[in-house]
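[1] One predicted model, sequence on top.
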Amino acid sequence: MKKLIWLLILVLVIIVIILGVRQCGHGKTVVSHFNHDDEGWLVSGDAQGGDTHPDFMKKGGKNGAYISAKDDAVGGVWYWSAPDKFFGDLSSSYGKKLKFSLKQSSVNDQFDDADIILKGAEMTLVYDTPNNPGTDWTDYVIILTEEGWHYNNTGGDAVTKEDFQKVLKNVKNLYIRGEFVNGEDTDGLDEVVLEK
């Protein structure tokens, strides 16, 4: 009986070691589910009457709460500005996914612009998603490689693999576009996930 107990303990120890080894080298996924508050996300640009804080909505999100902002419609383009937990050395995110969900109050008079802005210490990279969000939640999955990214604006040169990896090595800011309509609208962000 004692041998059996020791054998079971040994097997459990081996399982714990194997699971621990599998986790080595895998970074922690960074998420914002907005379950309790805005999690440090801000509004950058012409929205919220100049206030940088979004509205926290307790219901109506993908799985409950989400954040929302109202466009001031004064001619600029506003963005969701990520908190610090999405910055720093994201080298391990290369080839992995950035996922998020957006919705807008209207799909009339749409315009295109950079949908994601990734700023490094020396470069700014932009990405234009193939479609704007609808009035219901629209899910986005962006593979974090150089494909589809441009320098500075959507008309800029295509980004090299070396430069994309250089920016990921030292991310200073991450922005997700919040405004898609010429005129007033209200937009929402939910379920942001950055795989590492």
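    Here it is on my side, so go on. Numbers count the residues shown, from 1 in each chain.
[2] How is the spatially most central residue of the chain assigned, secondary-structure-wise?
    Centroid-nearest residue in the chain: V192, 4.7 Å away (criterion: Cα atoms, centre = their mean). Following DSSP: H, G, I helix; E, B strand; the rest coil, V192 is assigned to strand.
[3] so what's it up against?
    V192 is in contact with V31, S32, W41, A82, F86, L98, K99, F100, I176, counting by Cβ atoms under 8 Å, 6 or more residues apart in numbering. (Glycine included, C-beta is placed from N, CA and C.)
[4] and what of S101?
    K62, W137, T138, D139, Y140, L189, D190, E191.
[5] Okay, and the closest residue to the fifth one other than its chain neighbours sits in which element?
    In other words, Y140. Once flanking residues are discounted, Y140 sits nearest to F100: 5.5 Å by Cβ to Cβ, 6 or more residues apart in numbering. Assigned by DSSP states H and E, F100 belongs to strand 97-104.
[6] show me where the chain has helices.
    For the chain, the helices defined by DSSP state H cover 2-23, 161-169.
[7] Could you identify which of these has the lowest mean pLDDT?
    Least confidently modelled of the helices of the chain is helix 2-23, at a mean of 45 by mean pLDDT.
[8] low pLDDT regions in the chain?
    1-27 (pLDDT under 70).
[9] Do you have the strands of it handy? List them.
    30-32, 42-44, 55-57, 66-70, 79-81, 97-104, 116-119, 124-127, 138-143, 149-151, 173-177, 186-194 (DSSP state E).
[10] I'd like those strands written out as JSON lines, with distance to Q165 added.
    As requested, the strands of the chain are exported to JSON lines (distance: least, Cβ to Cβ, whole Å):
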{"stretch": "strand 30-32", "distance to Q165": "18"}
{"stretch": "strand 42-44", "distance to Q165": "25"}
{"stretch": "strand 55-57", "distance to Q165": "35"}
{"stretch": "strand 66-70", "distance to Q165": "30"}
{"stretch": "strand 79-81", "distance to Q165": "23"}
{"stretch": "strand 97-104", "distance to Q165": "15"}
{"stretch": "strand 116-119", "distance to Q165": "12"}
{"stretch": "strand 124-127", "distance to Q165": "11"}
{"stretch": "strand 138-143", "distance to Q165": "14"}
{"stretch": "strand 149-151", "distance to Q165": "12"}
{"stretch": "strand 173-177", "distance to Q165": "16"}
{"stretch": "strand 186-194", "distance to Q165": "16"}
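[11] what's the closest of these to K166?
    When those are compared by Cβ to Cβ, strand 124-127 sits nearest K166, at 9.9 Å.
[12] Neighbouring strands of that closest one in the sheet, and parallel or not?
    According to DSSP bridges, strand 124-127 forms sheet pairs with strand 116-119 (antiparallel), strand 149-151 (antiparallel).
[13] Of all the residues in the longest one, which ones are buried?
    By neighbour count, and taking 16 or more other Cβ atoms under 10 Å as the criterion, the buried residues in strand 116-119 are I116, I117, L118, K119.
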